[in-house]
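Participant: coordinates only, sequence not included:
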């Protein structure tokens, strides 16, 4: 055999065909093979990575907004709502969410929603038509607590806030 371009193993590394048994034994069942490879070794425990708002906590409520048309938006950080919201000094790193408003009663940057722990607050950003939380008008510039399942009115646009 021509060995140009081939790596030739050292003698005795690969058994010759004559020394191989004619028939290979049947493989052991899977459970026996696992025990032979790692006898008595337990698998490591899985710990979920921390979430965006700190370590993952069991039974921690997650807030979401149900927008007209059935779109659900999970609230993992502060969000700005409006027709075409833009970040300002008051919003920091809030995520802008544009709302489709056929009646044109939602301001360009209408409201700020913030989740802190288990509490959701909404702040009217001095919008033209205001914010109503569960039937009560919010004071512009002042955070108002949003109860679970509450309806938020931004102008004529209705949004539902709930824990999931």
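Facilitator: The structure has been received and is ready for your questions. Because the structure is predicted, anything quoted here is derived from the model rather than measured.

Participant: Tell me the first helix or strand C-terminal of the helix or strand hosting residue 112.
Facilitator: Secondary-structure assignment from DSSP states H and E places residue 112 in strand 111-116. Next helix or strand after strand 111-116 toward the C-terminus (DSSP H and E): strand 119-124.

Participant: For residue 128, see how far away residue 145 is.
Facilitator: 23 Å (Cβ to Cβ, to the nearest Å). Using the backbone N, CA and C atoms, a C-beta is placed for each residue, glycine as well.

Participant: now swap in residue 69 and tell me
Facilitator: Using Cβ to Cβ, residue 69 is found at 23 Å from residue 128.

Participant: So those two - more neighbours on which side?
Facilitator: More crowded of residue 69 and residue 128, by other Cβ atoms under 10 Å: residue 128, with 11 against 6.

Participant: Spit out the contact partners of that one.
Facilitator: 105, 107, 155 (Cβ atoms under 8 Å, 6 or more residues apart in numbering).

Participant: measure the nearest residue to residue 135 once chain neighbours are set aside to residue 96 for me?
Facilitator: Using Cβ to Cβ, 6 or more residues apart in numbering and skipping residues adjacent in sequence, the residue nearest residue 135 is residue 151, 7.9 Å away. Distance, residue 151 to residue 96, using Cβ to Cβ: 22 Å.
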